[in-house]
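J.: just need the structure, nothing else, for what follows:
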Amino acid sequence: TERLVLAEAGLAIEATAAGRVVVVGDRYGAVTLGAIALHGAQEVRVHQDPITGEQALAHNAIRVELTGRFRHLPMTPELFAGSTVIIGQLPKGLDALREIAQLAAAHANADVKLFLGGRVKHMTRSMNDTLSDRFASVSASLAQQKSRVLKVSDPLPEFRAGTTDYPLRQHHADLNLWVCAHGAAFAGTKVDVGTRFLLEFLDRMNPTAASAVDLGCGTGVIAASLARSRPMMNVLATDQSTAAVASAAATAAANELTAQVRVLRDDAMSTLPDASVDLILCNPPFHLGTSVHAGAALKLFDAAGRVLGPGGEMWTVFNSYLAYDGQLNRAAGPTRVVGRNAKFTVTVSTRRGNGPAQPLVV
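T.: Next up is the predicted model:
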């Protein structure tokens, strides 16, 4: 897909002035570095939602001696302002694609061209429709090696310099909570059923905790709910996703909780000191792209074992078939099941001693 995007967009990139090429959804840097090395792109603006993608691009740029030729920006008007070529991978979700389309149509040049690629099996007609809401011309390349590129141009005049719908905002009366979401945030403005189940246990969580982390916070529902239930507690909402932390910040603001809830974009609490947190709440991801994958969750469990202080608790909710109990026991401390319904399991892991987490032998 990356090779096909670069091939389809090559002539457009070569005809584009410095600072006018934007890359979105570049997983590890191949699109950004390819545009620079193959087609002479200069001062490329890049948006990568996961912080691990940014780190990979930085390392790969060093390896091929292309540092200083690009800069990272969040999903904001500044990313697209004045751009004439936008290239990259199609996002998995339509909301993420819709936010890109709205910002590009409003803030890119009127002659902008988009080249967004994907695997054929993951592409739907709804993607074309989403792009057609803001652009007059949307077509697909011929398929090559099971990939295609959507070629998009002619932003509709009525949306030029307009506002976007994001972050979306929804009030949940049962929780008395506003939820805000940017396009790439998991679950959007909904509250997924696993999170709802975990929230049922808020009053049982470490009663002496002064500090807490919503680990893998998504839109910040858990952080906001915990902060509201414990007005004296400081809560950190952290995620590796740009869309997630921006959404969590918006959720905190919408619920007037910014004094209590701080947001941080970080990879598995890498910047937090050892044994520094009393309480961690986690609804871990179980997908990597479109595949079921436990790697991200296991990384979060290991991080919790490092960051929890003695006597600290980690409360986790997960699909019961994933059977994370053993991994939590090993990584975060002795773990017991405190709740289970037809689909989900909630566990609490307790950190013991001053050294690494000591698993409970069963």
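
J.: residue ranges with poor pLDDT in the protein?
T.: Within the chain, the stretches with pLDDT under 70 are 286-295, 353-362.

J.: can you give me the helices in it?
T.: Along the chain, counting by DSSP state H, helices occupy 2-14, 30-39, 51-63, 77-80, 94-107, 125-132, 193-199, 221-229, 242-254, 295-307, 325-331.

J.: tilt between the longest one and helix 242-254?
T.: Okay, so that is helix 94-107. Here helix 94-107 runs at an angle of 80 degrees relative to helix 242-254 (axes from the mean of the first three to the mean of the last three C-alpha atoms, to 10 degrees).

J.: which residues does the residue nearest to residue 162 when sequence neighbours are not counted contact?
T.: Closest residue in space to residue 162, ignoring its immediate chain neighbours: residue 106 at 4.9 Å, by C-beta to C-beta, 6 or more residues apart in numbering. Just so you know, the C-beta spots here come from the backbone N, C-alpha and C atoms, and that holds for glycine as well. Counting by C-beta atoms under 8 Å, 6 or more residues apart in numbering, residue 106 makes contact with 77, 80, 155, 159, 160, 161, 162, 163, 164.

J.: buried only: go through those for me.
T.: In the contacts of residue 106, burial by neighbour count holds for 80, 155, 159, 164, counting by 16 or more other C-beta atoms under 10 Å.

J.: picking up where we left off before, the helices of the chain: which one's closest to residue 174?
T.: With C-beta to C-beta, the closest approach to residue 174 among those belongs to helix 193-199: 8.7 Å.

J.: mind listing what's buried along the closest one?
T.: Neighbour counts over helix 193-199 (16+ other C-beta under 10 Å) mark 194, 195, 196, 197, 198, 199 as buried.

J.: ok now that helix, how far from the chain's centre?
T.: Relative to its parent chain, helix 193-199 has a centroid offset of 19 Å by C-alpha atoms, centre = their mean, to the nearest Å.

J.: what sits up against that helix?
T.: Outside helix 193-199, the residues that touch it by C-beta under 8 Å, 6+ apart are 175, 187, 218, 221-222, 225, 281, 283, 315-319, 339, 341, 343-344, 346.

J.: list buried residues within those.
T.: 175, 187, 218, 221-222, 225, 281, 283, 315-318, 339, 344, 346.

J.: quick check, nearest of these to residue 48?
T.: Using C-beta to C-beta, those come closest to residue 48 at residue 218, 17.8 Å.

J.: from residue 224, how far out is the closest one?
T.: 11 Å (C-beta to C-beta, to the nearest Å).

J.: from the contacts of helix 193-199, which ones fall inside strands?
T.: Judged by DSSP state E, those include 281, 315, 316, 317, 318, 319, 339, 344, 346 as members of strands.

J.: could you report the distance from the first one to residue 211?
T.: Residue 281 sits at a distance of 12 Å from residue 211 (criterion: C-beta to C-beta).

J.: and if you look at residue 118?
T.: Look at residue 118 and residue 211: by C-beta to C-beta, they are 41 Å apart.
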